[in-house]
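# Below are the sequence and a predicted model; questions follow.
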Amino acid sequence: MKIGVFVCHCGSNIEATVDTASVAGTARAFPDVAYATDVMYSCSEPGQDGIIQAVREKGLDGVVVASCSPRMHETTFRRAVERAGLNRYMLEMANIREHVSWIGKDREANTNKAAELVRLAVEKLRRNRALFPKSFDITRRVLVIGGGVAGIQAALDCADGGLDVVLVEKTSSIGGKMAKLDKTFPTVDCSSCILGPKMVDVAQHERIALHAYAEVEEIGGYVGNFEVKIRKKATFVDWSLCTGCGLCMEKCPSRKSHDAFNEGVGLTTAINIPFPQAIPKKALIDARFCRQFLKGKCGVCAKVCPSGAIRYEMEDEVITEKVGAIVTATGFDLFDHTKYGEYGGGRYPDVITSLQYERLLSASGPTGGHVKRPSDGREPRTVVFVQCVGSRDTSVDRPYCSGFCCMYTAKQAILTKDHIPESQSYVFYMDIRAPGKLYDEFTRRAMEEYGARYVRGRVAMIYPKGDRLLVRGADTLMGEQVEIEADLVVLAVGAEAAAGSPALAEKLRISYDKYGFFMESHPKLRPVETNTAGVYLAGACQGPKDIPSSVGQGSAAASKVLGLFSRQKLESDPQISQVNQRRCVGCGKCALTCPFGAVKMIDVRGEPKAEVIETVCQGCGICAVTCPQGAVQLEHFTDNQILAEVNALCQS
Amino acid sequence: MPILAGKELRIVGFLCNWCSYGGADTAGVGRFSQPTDLRIIRVPCSGRIDPLFIVKTLLYGADGVLVSGCHPRDCHYGQGNFYARRRLEALKRFLPIIGVEPGRFEYTWVSASEGQRWQQVVQGFTEQVHALGPSPASAVFGACREIPDEKGGPRVAV
Ligand SMILES: Cc1cc2nc3c(=O)[nH]c(=O)nc-3n(C[C@H](O)[C@H](O)[C@H](O)COP(=O)(O)OP(=O)(O)OC[C@H]3O[C@@H](n4cnc5c(N)ncnc54)[C@H](O)[C@@H]3O)c2cc1C
Ligand code: SF4
Ligand code: SF4
């Protein structure tokens, strides 16, 4: 075998702390290495051409590239090797950037370690063989999880692109946070006027099947062929009959139910349609408040419903859907401000969250768009906004910036002035983050045109004084204490990962960060992909994001799905397990351990033998360790290859 | 050549591709500096790691072996790290019986986002192995070494 070794400088990223020429020099002495050189940028066009040329001129059969992580460029170099006429699997990489040059400055030790990693790769490559992918059929349908604006956009774009979409939303209506907003920055256009039509499109699109009040229970399979179990939670109303007339809400005697859509400002009925523009516009019984469930008698809604849709005995239903790709767009939740004891810890009714304030501003909200204090219904004159509540604060383990709070606070200050011209707003802030198009101009308008007074500093304490609230904080620009008597305090609570995100990530087999936000495949270059093929991200589930970015990601994820499905068939990764049937004793242990059911037992001349189903095997190698005979081997990660790597490292 | 005499010890890491190898990449991207002793062997899943690989690595003369996979419940393949945990826990108890000091082998879980945690793991484990010093195993078992080159050759040569 003739191996070529290419040691990359990566500009100065590697060369600064690794002597790449010396690594190439050392590599020339490794077994089967016929050619070794250092390259400035091996991934660049001249770099790849250099590899191709060397393969042709020197008649190489395999290539080792020592550069960045294979997680970054393995595909790039596989394609280059293929263009050179070799099988794409005759490539190995040595990660001498992320695992060497970037983590230490000792040039001698780094150079030595880099050479060793090259040796590892060479030993592995010597035992590689050409592999050929199999193609398999795909289910050209997509599952979108979460019906916020990001999920809506992804669903509509996929459906318009000709795909069948299954949209699963946890609550009884799509719309997400945006449906609760009054107006949106930086244009102050009405949120439901721009979102409403999109929601209607979802309801009417013939290619979109919407499952509201449902959650994903289980996900099996792999890219191209996922099988998803969806739990449709009991609504106690037969939605095929419910016309959304709302008569039940008029008559329901249980009028003190928690109003989740209105964020707990105001109350609703036990049977309710969350808001007038809800999609689907269907009623649902909240069993925690319904008298029929609590006391065993009432039945008013069943009596008044003109279509006889009420079903008190309804149970959850689990359905199975087959899809080929998944977009997760589960959004975010709000920081629980009661953790801040100094802001009253939730004890003062007139200290509310920003999202509650949106509901007070909204014409479809519980106060009909009149800003009234929750405690006594009075219209506030002085409103204090406190920014960064649960953002950029390590003491509550939220060191990150939630991104949109500066902007929505400016919006809310503007809207306050619109609603109550004689009011005065104060905004306590740490820094103003307004980097979007027309964003900085917008915050300036809040100050200059609408007279909001911005105080730079954190609020130390909020406490009641008579029927008002005393807000005490520091003005760090003036270097003085400030005290403001407020009628209403609005906390700009930060964004958190949506409840249950880690559990969902585990079902999807994708990674999440320590706060529960989902991890993209690459922070810059693959922002809507995950490391699990066929699973994509959109919106605030990946990290706090405003509406324009969420919509952008929804479209981006859709384009990825459409791209994936533009092929008639998908190719499976051939780095999978193979059974050597001469060694197999038919014990069936591999079939029992395989998490994908990829091993089937067959009969070979009267004896049971194991066989791997090529397009089902995902290449984890669990079976290879299980087999007592060493009969199952995972291609390119065979026992011999791994032990050869070990040997390369341990020889003196 | 393999290690810098007097400075480094032989530490071999087996890392799953999806979480821990990614975590080590994240540590690199974040420039979280680490000791240079560790050499990483990439495997698809911690469930691919045969305890015998570790035994052999130690007997071939490695001074320490570190295994890292996805956090339990977060395996890219669903269940690989559950198999790994069972196998590696058994191995951990078995190693002292064949005379390997307990601190020479550790397994842990590091996700792809946990660059800083990876740095701490590498620092901690390297210090631990340095505290034990060079392994006596290579002197004792060095002769047993045998790498089957053909598939189907003798598999375990411990
Ligand atoms: C007070 C406030 C004001 C704001 N004002 C503005 C503004 O003026 N302009 C602007 O650009 N941005 C604004 N934002 C930001 C805006 O809300 C977000 O950008 C946007 O909501 C993100 O959309 P999304 O679809 O990613 O997430 P979300 O809106 O959170 O939607 C996620 C959806 O997924 C559902 N879901 C969650 N988990 C699951 C699950 N496991 N299964 C199924 N479904 C699930 C949820 O029920 C929800 O419907 C504001 C935010 C707040 C808090
Ligand atoms: S490598 Fe083995 S255990 Fe893993 S998916 Fe393939 S057949 Fe199943
Ligand atoms: S575990 Fe090994 S011997 Fe047993 S059936 Fe599977 S391949 Fe055959």
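Noted; the coordinates are in hand. Ligands and ions are numbered 1, 2, ... in the order given.

# Which single residue of the stretch 101-250 of chain A ends up nearest ligand 2?
A:Tyr222 (9.4 Å; CB to the nearest ligand atom). No exception for glycine: its C-beta is placed from N, CA and C like everyone else's.

# tell me which helix or strand of chain B sits lowest on mean pLDDT?
Scoring the helices and strands of chain B by mean pLDDT, DSSP states H and E places helix B:137-141 at the bottom, with a mean of 63.

# Now do the SS call for the residue nearest to A:Val535 when sequence neighbours are not counted.
Nearest residue to A:Val535 in three dimensions, chain neighbours excluded: A:Ile326, at 4.9 Å (CB to CB, 6 or more residues apart in numbering or on different chains). Recorded secondary structure, A:Ile326: strand (DSSP: H, G, I helix; E, B strand; the rest coil).

# so who does A:Ile326 touch?
Shown in contact with A:Ile326 (CB atoms under 8 Å, 6 or more residues apart in numbering or on different chains): A:Val142, A:Leu143, A:Val144, A:Ile145, A:Ile219, A:Phe226, A:Val228, A:Leu508, A:Gly534, A:Val535, A:Tyr536.

# and the last one, backbone torsions?
It stands for A:Tyr536. phi -120, psi 160 (degrees, to the nearest 10).

# do the same with the fourth one
Phi and psi for A:Ile145, reported as degrees, to the nearest 10, are phi -100, psi 120.

# Let me see the contact set for it.
A:Gly151, A:Val168, A:Val216, A:Ile326, A:Val327, A:Thr328, A:Ala329, A:Thr330, A:Leu504.

# one more time with 7 Å, if that's ok
Contact partners of A:Ile145, counting by CB atoms under 7 Å, 6 or more residues apart in numbering or on different chains, are A:Val168, A:Val216, A:Ile326, A:Thr328, A:Ala329, A:Thr330.

# May I see the buried residues of the host helix or strand of the second one?
Assigned by DSSP states H and E, A:Val216 belongs to strand A:214-222. By neighbour count on 16 or more other CB atoms under 10 Å in any protein chain shown, the buried set for strand A:214-222 is A:Ala214, A:Glu215, A:Val216, A:Ile219, A:Gly221, A:Tyr222.

# export the residues you listed to a markdown table and tack on pLDDT and distance to ligand 1?
What follows is those, written out as a markdown table (pLDDT from 0 to 100; distance: CB to the nearest ligand atom, whole Å):
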| residue | pLDDT | distance to ligand 1 |
| --- | --- | --- |
| A:Ala214 | 98 | 7 |
| A:Glu215 | 98 | 5 |
| A:Val216 | 98 | 6 |
| A:Ile219 | 94 | 12 |
| A:Gly221 | 88 | 18 |
| A:Tyr222 | 88 | 21 |
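
# Give the residue spans of chain A that score low on pLDDT.
In the predicted model of chain A, residues A:652 satisfy pLDDT under 70.

# Kindly confirm my reading that A:Gly4 is in a helix.
No - using three-state DSSP, the secondary structure at A:Gly4 is strand, not a helix.

# burial count for it?
A:Gly4 has 25 neighbours, counted by other CB atoms under 10 Å in any protein chain shown.

# Wait, it touches A:Tyr35, no?
Yes - taking contacts as CB atoms under 7 Å, A:Gly4 lies within contact range of A:Tyr35: 4.4 Å.

# intersection of neighbour lists for those two?
In terms of CB under 7 Å, 6+ apart, A:Gly4 and A:Tyr35 are both contacted by the residues A:Ala54, A:Lys58, A:Leu60.

# Please, where are all the helices along chain B?
Assignment of helices within chain B using DSSP state H yields the ranges B:20-29, B:51-59, B:80-94, B:115-132, B:137-141.

# mind listing what residue 102 touches?
Since you didn't name a chain, this refers to chain A. Neighbours of A:Trp102 in contact, by CB under 7 Å, 6+ apart: B:Gly28, B:Val29, B:Arg31.

# Let me rephrase: I mean chain B.
By CB under 7 Å, 6+ apart, the residues touching B:Pro102 are B:Leu95, B:Pro96.

# neighbours around A:Gly500, how many?
If you count neighbours by other CB under 10 Å, A:Gly500 ends up with 14.

# And the one 3 residues further on, by the same measure?
Using other CB under 10 Å, A:Ala503 is surrounded by 13 other residues.

# Just to be sure, it is in a helix?
Yes - assessed with three-state DSSP, A:Ala503 lies in a helix.

# check contacts around it.
If you count contacts by CB under 7 Å, 6+ apart, A:Ala503 has none.

# same thing with A:Leu156?
Counting by CB under 7 Å, 6+ apart, A:Leu156 touches A:Lys198, A:Asp201, A:Val202, A:His205.

# separation between the residue positioned nearest the centre of chain B and ligand 1?
For chain B, the residue sitting closest to the mean C-alpha position, by CA atoms, centre = their mean, is B:Leu66 at 2.8 Å. From B:Leu66 over to ligand 1 the distance is 35 Å, taken as CB to the nearest ligand atom, to the nearest Å.

# which one is whatever residue of the stretch 201-350 of chain A ends up closest to ligand 3 nearest to, not counting chain neighbours?
Closest residue of the stretch 201-350 of chain A to ligand 3, CB to the nearest ligand atom: A:Tyr222 (21.1 Å). Leaving aside its sequence neighbours, A:Tyr222 sits nearest to A:Gln618 (CB to CB, 6+ apart; 5.9 Å).

# do the same with A:Val351
Take A:Val351 and drop its neighbours on the chain: the residue closest to it by CB to CB, 6+ apart is A:Val489, 4.5 Å away.

# which residues does the one you found bridge with?
On the basis of DSSP bridges, A:Val489 takes part in beta bridges with A:Val351, A:Val384.

# That one contacts A:Leu469, correct?
Yes - if you go by CB under 7 Å, A:Val489 and A:Leu469 touch, sitting 5.5 Å apart.

# which residues do those two both contact?
Common neighbours of A:Val489 and A:Leu469 (CB under 7 Å, 6+ apart) are A:Asp350, A:Val351, A:Ile462.

# In terms of distance to ligand 2, which of the residues you listed ranks first?
Closest approach between the shared contacts of A:Val489 and A:Leu469 and ligand 2, by CB to the nearest ligand atom: A:Val351, at 53.8 Å.
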